[in-house]
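[1] Next one to model:
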Amino acid sequence: MTDEKVYSGAFWERIIGNAIENGVPEKWQTSVFDGEQPMADRFVEELPAGARVLDFGCGLGRNALPLARLGFSVVACDVAEAGPRFTRERAKEEGFDVAVAACGGAAIDFPDRSADGILAWSVLDHMTLADATGIAAEFRRIARPGSLLLVSIDEDKSKDPESVAEVLPDGTHRYTGGKREGMLFRPYTNEELLGLFEEGWERLVFEGKDPTVHRRGLFRRAE
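    Next up, the predicted model:
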């Protein structure tokens, strides 16, 4: 289990709860599957019809809902329990079914070799390196041979003057003040990020070598 001191679930519960109560910000409604991300388009195009897709770190469903509309069998999970609940309720309003899985610490409540696709968009950089390594192992466990994994991490926020952070031994930044108080962010080198998916995955494409921009990768599970 993740040490409570470096666990950011309370931060995300607060942020997501506020968004549900006060209105979802526009930037949280924009999906990566809106036709402007070639890598996301390829992810969708290469999934089989009706594929079972895990949206890991679903937030308020901005990506889970479009995937459901495309006819995929979507399972949503998030460290903040309010997010998957909200996503499922919105899906029901539209006539879709989105399942919910628990994901706490470095474990995912998902069967072995049962996912055709996994999405982890702007989430692995919001946990410690140990937890990200554990989640990468979970992705290997739950992915069917030949399945796809789409990953992104945010631009490096470690020098943002609006937030105050302490640096943990593994390089993770834990924000202790400002608008991100309670959030974790770990700045990754490209080698560290790609190293998470070196075992058991074929790298199809990787974009954004510059850490000041979003970096994205598409991988296929080895047979």
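[2] Can you give me the buried ones in the longest strand along the chain?
    Assignment by DSSP state E gives strand 143-153 as the longest strand of the chain. By 16 or more other Cβ atoms under 10 Å, the buried positions in strand 143-153 come out as Ala143, Arg144, Ser147, Leu148, Leu149, Leu150, Val151, Ser152, Ile153. (Glycine included, C-beta is placed from N, CA and C.)
[3] If I look at the spatially closest residue to the third one that is not a sequence neighbour, what pLDDT would I see?
    Distances taken as Cβ to Cβ, 6 or more residues apart in numbering place Arg221 nearest to Ser147, at 4.6 Å, with adjacent residues excluded. On pLDDT, Arg221 comes in at 98.
[4] and what of Gly117?
    98.
[5] Just after the lowest-mean-pLDDT helix or strand in the chain, pick out the following helix or strand.
    Lowest on mean pLDDT, DSSP states H and E among the helices and strands of the chain sits strand 103-104, with a mean of 82. With elements assigned by DSSP states H and E, the helix or strand that comes after strand 103-104 is strand 107-108.
[6] what kind of secondary structure is the residue nearest to the spatial centre of the chain in?
    What sits nearest the mean C-alpha location of the chain, by Cα atoms, centre = their mean, is Ala120, with 3.0 Å. Classification of Ala120 by DSSP: H, G, I helix; E, B strand; the rest coil places it in strand.
[7] returning to that earlier point: and the buried residues of strand 143-153, which two are furthest apart?
    Arg144 and Ile153 (24.3 Å; Cβ to Cβ).
[8] quick one on the thing from earlier: JSON lines for the buried residues of strand 143-153, including distance to Glu94 and pLDDT?
    Shown next, in JSON lines, are these (distance: Cβ to Cβ, whole Å; pLDDT from 0 to 100):
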{"residue": "Ala143", "distance to Glu94": "28", "pLDDT": "98"}
{"residue": "Arg144", "distance to Glu94": "27", "pLDDT": "97"}
{"residue": "Ser147", "distance to Glu94": "26", "pLDDT": "98"}
{"residue": "Leu148", "distance to Glu94": "24", "pLDDT": "98"}
{"residue": "Leu149", "distance to Glu94": "26", "pLDDT": "98"}
{"residue": "Leu150", "distance to Glu94": "23", "pLDDT": "98"}
{"residue": "Val151", "distance to Glu94": "27", "pLDDT": "97"}
{"residue": "Ser152", "distance to Glu94": "25", "pLDDT": "95"}
{"residue": "Ile153", "distance to Glu94": "30", "pLDDT": "93"}
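[9] between those residues, which is nearest Pro169?
    Once Cβ to Cβ is applied, the member of the buried residues of strand 143-153 that ends up nearest Pro169 is Ile153, at 20.1 Å.
[10] how about the strands in this protein?
    52-56, 73-77, 99-100, 103-104, 107-108, 115-121, 143-153, 163-167, 173-178, 184-185, 201-207, 215-221.
[11] which parts of stretch 128-144 are buried?
    Buried residues in stretch 128-144 (16+ other Cβ under 10 Å): 128-129, 131-136, 138-144.
[12] what's it in contact with?
    For stretch 128-144, contacts defined as Cβ atoms under 8 Å, 6 or more residues apart in numbering pick out 2, 6, 54, 56, 105-108, 110-116, 118, 120, 124-125, 127, 149, 168, 170-172, 184, 186, 192, 196-197, 199-201, 221.
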